[in-house]
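Participant: Got a sequence here, can you build the structure:
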Amino acid sequence: MDAREQIFQQLVEDCGGGIARLAGSYVRNRAEREDLTQEIWLAIWRALPEFRGDSSVRTFAYRIAHNRSVTQLARRRDSADSDQLDAVPDERPGPEADLMQHRNAERLMRAVSLLPLGMRQALTLRFEGLSYSEISDVLGISESNVAVRLNRARERLNAKLSDAV
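Facilitator: I've put the predicted structure just below:
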């Protein structure tokens, strides 16, 4: 196994779930998420030889994921004249004991999906554990702008979630 394959395998292990969740925050349903996730991993594979090490390989991967997702969102906007994202229901059946947690997660995801794109991007990356610096690199904005987006997103989420109670 060459170095490229090793780095790619490590990325899949470390970031696989996060990349899928990031893709899911940009698209409407499971099939679109799976297609976008596959496009992202292909783009990462193709871009690995160009990785210069200016950032962490994780940040590099999330930047590619972000760019592919934005491109997908733009394509969808061009083809469908709608800017609103539908709530993506969780298709996995859960045990009855997890019902309240499941409902809270759905409420949170619905509320996040209603946020403006800039806030949704920053919040999704933060949910994945990226630092302000890494989010800044991925989105191509300053760290202070990341902080502003996250604070505004939290305020809106708090307002939406407290109104729904």
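Participant: in which helix or strand would I find residue 73?
Facilitator: Element membership for residue 73 (DSSP states H and E) is helix 57-79.
Participant: Distance of residue 143 relative to residue 132?
Facilitator: Computed as CB to CB, to the nearest Å, the residue 143 to residue 132 distance reads 5 Å. Backbone N, C-alpha and C define where each C-beta goes, glycine included.
Participant: So for the two, which residue has more residues nearby?
Facilitator: More crowded of residue 143 and residue 132, by other CB atoms under 10 Å: residue 132, with 17 against 14.
Participant: mind listing what the more buried one touches?
Facilitator: Residues in contact with residue 132 (CB atoms under 8 Å, 6 or more residues apart in numbering) are 143, 146, 147, 150.
Participant: So for it, what's the pLDDT?
Facilitator: Model confidence at residue 132, expressed as pLDDT, equals 95.
Participant: can you check residue 38 too?
Facilitator: 94.
Participant: Make 50 the first number, not 1, from now on.
Facilitator: Sounds good: first residue 50 from here, last item residue 87.
Participant: Now do the SS call for it.
Facilitator: Classification of residue 87 using DSSP: H, G, I helix; E, B strand; the rest coil returns helix.
Participant: what separates the least confident helix or strand in the chain by mean pLDDT from the chain centre, distance-wise?
Facilitator: Within the chain, confidence by mean pLDDT, DSSP states H and E is lowest for helix 148-162 among all helices and strands, at a mean of 81. How far helix 148-162 lies from its chain's middle: 16 Å, per CA atoms, centre = their mean, to the nearest Å.
Participant: before we move on, what about stretch 108-124?
Facilitator: Distance, stretch centre to chain centre, for stretch 108-124: 9 Å (CA atoms, centre = their mean).
Participant: Same check on stretch 68-79?
Facilitator: 7 Å.
Participant: got the CA coordinates for it in PDB?
Facilitator: Provided in PDB are the C-alpha atoms of stretch 68-79 (Å, rounded to 0.1, in the frame of the first residue of the first chain):
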ATOM      1  CA  ILE A  68     -18.000  13.700   5.900                       C
ATOM      2  CA  ALA A  69     -21.300  11.900   5.500                       C
ATOM      3  CA  ARG A  70     -23.000  14.200   8.100                       C
ATOM      4  CA  LEU A  71     -21.500  17.200   6.400                       C
ATOM      5  CA  ALA A  72     -22.900  16.100   3.000                       C
ATOM      6  CA  GLY A  73     -26.200  15.400   4.700                       C
ATOM      7  CA  SER A  74     -26.500  19.000   5.900                       C
ATOM      8  CA  TYR A  75     -26.400  20.200   2.200                       C
ATOM      9  CA  VAL A  76     -28.800  17.700   0.500                       C
ATOM     10  CA  ARG A  77     -32.500  16.700   0.900                       C
ATOM     11  CA  ASN A  78     -32.500  12.900   1.300                       C
ATOM     12  CA  ARG A  79     -30.500   9.800   2.000                       C
END
